[in-house]
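Colleague: Next one to model:
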Amino acid sequence: MNAIETVSLTKYYGKSRGITDIDLTVEEGDFFGFIGPNGAGKSTTIRTLLGLICPTSGTAEIFGRNIRSRRDEILADIGYMPSEAAFYHNMRVREVIRLSADLRSQDCRKEAAELCERLELDTEKRIGELSLGNRKKVSIICALQHKPKLCVLDEPTSGLDPLMQREFYAILEERNQEGTTIFLSSHVLSEVQRYCRHAAVIREGRLLVSDRMEHLGHTDTKRVTVRGIDTPPALENMKDITSNGDTISFLYGGRPDVLLGALAALPLTDVSITEPDLEEIFMHYYAKEDI
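Modeller: Numbering: from 1, shown residues only. The predicted model follows:
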């Protein structure tokens, strides 16, 4: 069964674009990344999936259940972490966490205590006294303490220090190994590359590509770095050219024999040809869309 499946999911805010014709499939048990810059439509997609806003057209199902007709039933199986969580400022952390559990009619004290310990969260402080990072921790615990079947996490690590980010992903990996589906929205490409098995790229409300992480990297574009010259070689299909003294780096998307022939005629001292990293792959899909 698919954890998430959408067909032509569209949301407009009046005449303003939200998302358009999103066809997305996330298999149950997957660790899925949803990639796009701010304003691309990630949060709109998530809020529509959760039934927090109504789609203009199209359909979406969570675990085979329609998001509009079975919303309450669906939300019972989901742990949602918004990009910006709002809590009552005068409540203590333990009170907010307990309220979140009570709203689900569940006793989550044991799991909440373990999560608080792992994330080093002081539960006696009031929400208004917390830093952004600690408010994020509260949001994480509220989303995970009831052990949902599907975790939907919107930009979850902003505000967390590197050690807490590592612990957070360790928790997610443990949950995923237990069968939980993770749907992670992020513009931090290194996170998606490190932890996700599949990912989709969204731009201006439209899905550009959705595939396994290793397949996303096969773009027929290579990162070429050459040393010993101060002028780029005369080649077509070059972009993202950078120069530093006698070192020149560029992305090349043409025929390899043409590249090698051009490089062989130059007085190079060193050359490397590698796969681009995820950020470069991301920009490749965006540039491809502009052609």
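Colleague: and the helix or strand where Ile22 lies, what does it pack onto?
Modeller: In this assignment (DSSP states H and E), Ile22 forms part of strand 16-27. If contacts are counted by 3 or more CB pairs under 8 Å, 6 or more residues apart in numbering; DSSP states H and E, strand 16-27 sits against strand 2-13, helix 42-49, strand 181-186, strand 198-203, strand 206-212. C-beta coordinates here come from the backbone N, C-alpha and C atoms, glycine included.
Colleague: Keeping just the C-alphas, turn the third one into PDB.
Modeller: Coordinates of each C-alpha in strand 181-186 appear next as PDB, following Å, rounded to 0.1, in the frame of the first residue of the first chain:
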ATOM      1  CA  THR A 181       7.000   6.200   6.800                       C
ATOM      2  CA  ILE A 182       8.900   9.500   6.900                       C
ATOM      3  CA  PHE A 183       8.000  12.300   4.600                       C
ATOM      4  CA  LEU A 184      10.500  15.100   5.000                       C
ATOM      5  CA  SER A 185      10.200  18.500   3.400                       C
ATOM      6  CA  SER A 186      13.500  20.400   3.300                       C
END
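Colleague: check contacts around Lys136.
Modeller: Contact analysis of Lys136 by CB atoms under 8 Å, 6 or more residues apart in numbering lists 85, 156-160.
Colleague: now swap in Ile241 and tell me
Modeller: Applying CB under 8 Å, 6+ apart to Ile241 gives the contacts 232, 248-250.
Colleague: Any chance of those residues in TSV with secondary structure and distance to Ser43 as columns?
Modeller: Formatted as TSV, these follow (DSSP: H, G, I helix; E, B strand; the rest coil; distance: CB to CB, whole Å):
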residue	secondary structure	distance to Ser43
Pro232	coil	40
Ile248	strand	39
Ser249	strand	34
Phe250	strand	34
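Colleague: The closest residue to Thr225 other than its chain neighbours pairs with what?
Modeller: Sequence neighbours aside, Ser249 is the residue nearest to Thr225 in space, at 4.4 Å (criterion: CB to CB, 6 or more residues apart in numbering). Under DSSP bridges, the beta-bridge partners of Ser249 are Thr225, Thr242.
Colleague: What about Ser249, how many residues nearby?
Modeller: 16 (other CB atoms under 10 Å).
Colleague: Which of the helices and strands packed on strand 16-27 sits closest to Val152?
Modeller: With CB to CB as the criterion, Val152 lies closest to strand 181-186 of these, at 4.9 Å.
Colleague: For the helix or strand just after the closest one, output the C-alpha coordinates as PDB.
Modeller: Moving toward the C-terminus from strand 181-186, the next helix or strand (DSSP H and E) is helix 189-195. What follows is helix 189-195 as a C-alpha-only set of coordinates in PDB (Å, rounded to 0.1, in the frame of the first residue of the first chain):
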ATOM      1  CA  LEU A 189      19.900  19.300   0.300                       C
ATOM      2  CA  SER A 190      22.600  17.600   2.300                       C
ATOM      3  CA  GLU A 191      20.000  16.300   4.700                       C
ATOM      4  CA  VAL A 192      17.900  14.800   2.000                       C
ATOM      5  CA  GLN A 193      21.000  13.200   0.300                       C
ATOM      6  CA  ARG A 194      22.200  11.700   3.500                       C
ATOM      7  CA  TYR A 195      19.000  10.200   4.900                       C
END
